[in-house]
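Undergrad: With the sequence up front, the predicted model follows.
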Amino acid sequence: MKNLVFDIGGTSIKYGVCQDNSLTDTKEVPTHAEKGGTYILETVISLIQAHSDYDAIGISTAGQVHAKDGYIIYANQNIPGYTGTQYKKTLEELFHVPVAVENDVNAAALGEAVYGAGRDYSQFLMLTYGTGVGGAVINDKKVFHGSSYCASEFGAIITHSNARLSGGDYFDGCYEKYASTTGLLQMLKPYRPELDTGRKIFDALDDDTVIRIIDKWVDEIMLGLATLTHIYNPSCIILGGGIMAQPLILQKIEEKKSRFIMPSFAHVHIIAAALGNSAGIYGANYLAAQAGIS
């Protein structure tokens, strides 16, 4: 089976061909998110038009996605006018093949479930750490979507109640404000403002202050992981995002598990994602294949 697959992020659109689960001919173009949802849809259409002889189309995208009907339920102003974008309806009418559309974190989790770190687990949670914190629940290689396809907003877990009660934004006092890569950069800013990327931070591990701040940041990560572990009782939690490729972070998480998580949950494995930036596109391929045979 040959599928066209896309991973649409705020900065770039990654795309390629997956044939018999082998990803080939991968390319990347700028999203130009500031130009809005219509522009992005037109970009995807033009990229599809450059191909022929394919069986299905799979799309992983930022925003809350109605996975059944294949449109954007909600997206913030990082992509103006993206809310309501009709991928499935538009592309199926134009190209006459099945189209599957999924939220990017859900798609990445499916990619890990089928091809990556989650292959040996029938159910697991996945969290991705970057500008914010995204989440997904996987059970038997299916996404738990909730009642309106908006489940697993793990970044909205309230971990700092005073900040939430005194704030005016839905994410004040919430997990992603503190546990994201953005949160780590904010913690470091008063001490080392030049450390403005994850790569720069981990090039500065000879600084004891940086190590101490990373340790405090991992405490913030553990607040969310402990809550999710005790609620879901998963067999595994997979952590994605570029910063989670750093062995130091997983090492510190493992060291702190017993302090934050009850002994009866000690069996829960917390591991790094395996597919890196390709997870979403592999998840899109899996969904396209499912759509093509249904």
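TA: Thanks, I have the structure now.
Undergrad: Give the buried residues for the strand or helix carrying residue 209.
TA: Take DSSP states H and E as the rule and residue 209 turns out to sit in helix 208-232. By 16 or more other C-beta atoms under 10 Å, the buried positions in helix 208-232 come out as 210, 213-214, 217-218, 220-229, 232. Heads up, the C-betas are built off the backbone N, CA and C, glycines and all.
Undergrad: right, and the helix or strand after that helix?
TA: Helix 208-232 is succeeded, C-terminally, by strand 236-240 (DSSP H and E).
Undergrad: mind listing the helices for the stretch 101-250 of the chain?
TA: 104-115, 161-166, 175-179, 181-188, 198-202, 208-232, 247-260 (DSSP state H, counting those that start in this stretch).
Undergrad: Looking at these, which is nearest to residue 38?
TA: For those, distance to residue 38 was read as C-beta to C-beta. The smallest value, 19.5 Å, belongs to helix 104-115.
Undergrad: would you put the C-alpha positions of the closest one in CSV?
TA: The C-alpha coordinates for helix 104-115 follow below in CSV (Å, rounded to 0.1, in the frame of the first residue of the first chain):
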residue,chain,number,x,y,z
ASP,A,104,-0.2,15.8,16.0
VAL,A,105,0.4,14.3,19.4
ASN,A,106,-2.1,11.6,18.9
ALA,A,107,-0.5,10.8,15.6
ALA,A,108,3.0,10.7,17.2
ALA,A,109,1.6,8.4,19.8
LEU,A,110,0.2,6.0,17.2
GLY,A,111,3.5,6.1,15.4
GLU,A,112,5.3,5.0,18.6
ALA,A,113,2.6,2.4,19.2
VAL,A,114,3.0,0.7,15.8
TYR,A,115,6.6,1.4,14.8
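Undergrad: Settle this for me: residue 245 is touching residue 276, isn't it.
TA: Yes. Judged on C-beta atoms under 8 Å, residue 245 makes contact with residue 276 at a distance of 7.2 Å.
Undergrad: which stretches of the stretch 1-150 of the chain have low pLDDT?
TA: For the stretch 1-150 of the chain, no stretch is flagged by pLDDT under 70.
Undergrad: Spatially nearest residue to residue 43 (excluding sequence neighbours)?
TA: The spatial neighbour of residue 43 that comes closest, neighbours along the chain excluded (C-beta to C-beta, 6 or more residues apart in numbering), is residue 13 at 6.5 Å.
Undergrad: which ones are touching the one you found?
TA: Contacts were defined as C-beta atoms under 8 Å, 6 or more residues apart in numbering; by that measure residue 13 touches 6-7, 28-31, 40, 43-44, 47.
Undergrad: Quick check: the gap between residue 228 and residue 85.
TA: According to C-beta to C-beta, to the nearest Å, residue 228 and residue 85 sit 30 Å apart.
Undergrad: Then residue 241?
TA: Residue 241 is 25 Å from residue 85, where distance means C-beta to C-beta.
Undergrad: my read: residue 171 touches residue 154, true?
TA: No. Counting by C-beta under 8 Å, residue 171 does not reach residue 154; the two are 11.9 Å apart.
Undergrad: neighbour count winner among those two?
TA: Ranked by neighbour count (other C-beta atoms under 10 Å), residue 171 and residue 154 place residue 154 first, with 25 against 17.
Undergrad: Run a quick check on the more buried one versus residue 224, I expect a contact.
TA: Yes. With contact defined as C-beta under 8 Å, residue 154 reaches residue 224; the gap is 6.4 Å.
Undergrad: Find the residues that touch each one of those two.
TA: In contact with both residue 154 and residue 224: 127, 133, 175, using C-beta under 8 Å, 6+ apart.
Undergrad: Closest one to residue 64 out of those residues, please.
TA: Using C-beta to C-beta, residue 133 comes nearest to residue 64 of the shared contacts of residue 154 and residue 224, at 14.8 Å.
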